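Trainee: next comes the sequence, and after it the predicted model I'd like to discuss.
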Amino acid sequence: MSGNHQDRRNWTRSLTVVFAVALVAVIAGYLFDGTADGTDRVYLQNTAGAVLFDHGAHRQYADSCAACHHPLYSAAQTTTCADCHDDDRAADEFSHGELKDLHAKDCSLCHQQQAEDDQAASCRQCHPAIQQSETNTMACATCHDDDYSPELLSHDEYLEIDDHSCLGCHAPRSLADSYHTSCSDCHLDTAPEKFAQADGAVQCGACHLR
């Protein structure tokens, strides 16, 4: 009888050790494995209710990082097709979207990064809490003579002017307006069943947590 009791106690002790080792392994794997939490989620706090933004999920839908963090790359193509391909390869064989898919959306393969130390910008760096102007584009006559016309240069040529600034011509939308325009338009277009009410209006609760 005492032998059975001893065997049961040894069996219990062995199970406890195995369980403890397994538990330590799971915790260590979670803490030290960089892939344990790859959702890249961010809580954006605001008065309408926090928004849980999954940066990783949105990154796969954007044309490029510059689609949201746009001051990173110049529009001018700095690498010709012939730099990497045979002479019989032409850029117009592919759409811009197809090229980005082929190159894993690495803009720098074709486009010059504005500066070595440029980083992806936060919306808050450019968009004020409250919009200061009713219009998003400055009138040319604010800085130029009456005979000046914006058609004198293309938008890309404006960007190439030394010390150019987007704020020289554009008044940025407020932060809320910027988010709502960028997010809501895309959500209603791509997933209306989730983000739209029955009448087609934006369903605020689909993004804002209460």
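Mentor: Good, I have the coordinates. Numbering: from 1, shown residues only.

Trainee: which residues in the chain form strands?
Mentor: 41-44, 51-54, 73-77, 111-113 (DSSP state E).

Trainee: for residue 150, which of those is the nearest?
Mentor: strand 73-77 (16.5 Å; CB to CB). No exception for glycine: its C-beta is placed from N, CA and C like everyone else's.

Trainee: who wins for proximity to residue 186 among the strands of the chain?
Mentor: Residue 186 lies closest to strand 51-54 among the strands of the chain, at 12.9 Å (CB to CB).

Trainee: for the closest one, packing partners?
Mentor: In terms of contacts (3 or more CB pairs under 8 Å, 6 or more residues apart in numbering; DSSP states H and E), strand 51-54 is packed against strand 41-44.

Trainee: who touches the strand it packs on?
Mentor: With CB atoms under 8 Å, 6 or more residues apart in numbering as the test, strand 41-44 has contacts from 50, 51, 52, 53, 54, 55, 56.

Trainee: the first one is in contact with residue 208, isn't it?
Mentor: Yes - counting by CB atoms under 8 Å, residue 50 sits close enough to residue 208 to count as a contact (7.2 Å).

Trainee: got the domain boundaries for the chain?
Mentor: Split into domains by automatic domain parsing, the chain comes to 1-37, 71-119.

Trainee: show me where this protein has helices.
Mentor: For the chain, the helices defined by DSSP state H cover 2-32, 55-59, 96-102, 123-126, 155-160, 175-179, 185-190, 192-195.

Trainee: and these, which one is worst for confidence?
Mentor: Here the lowest mean pLDDT among these goes to helix 2-32, at a mean of 59.
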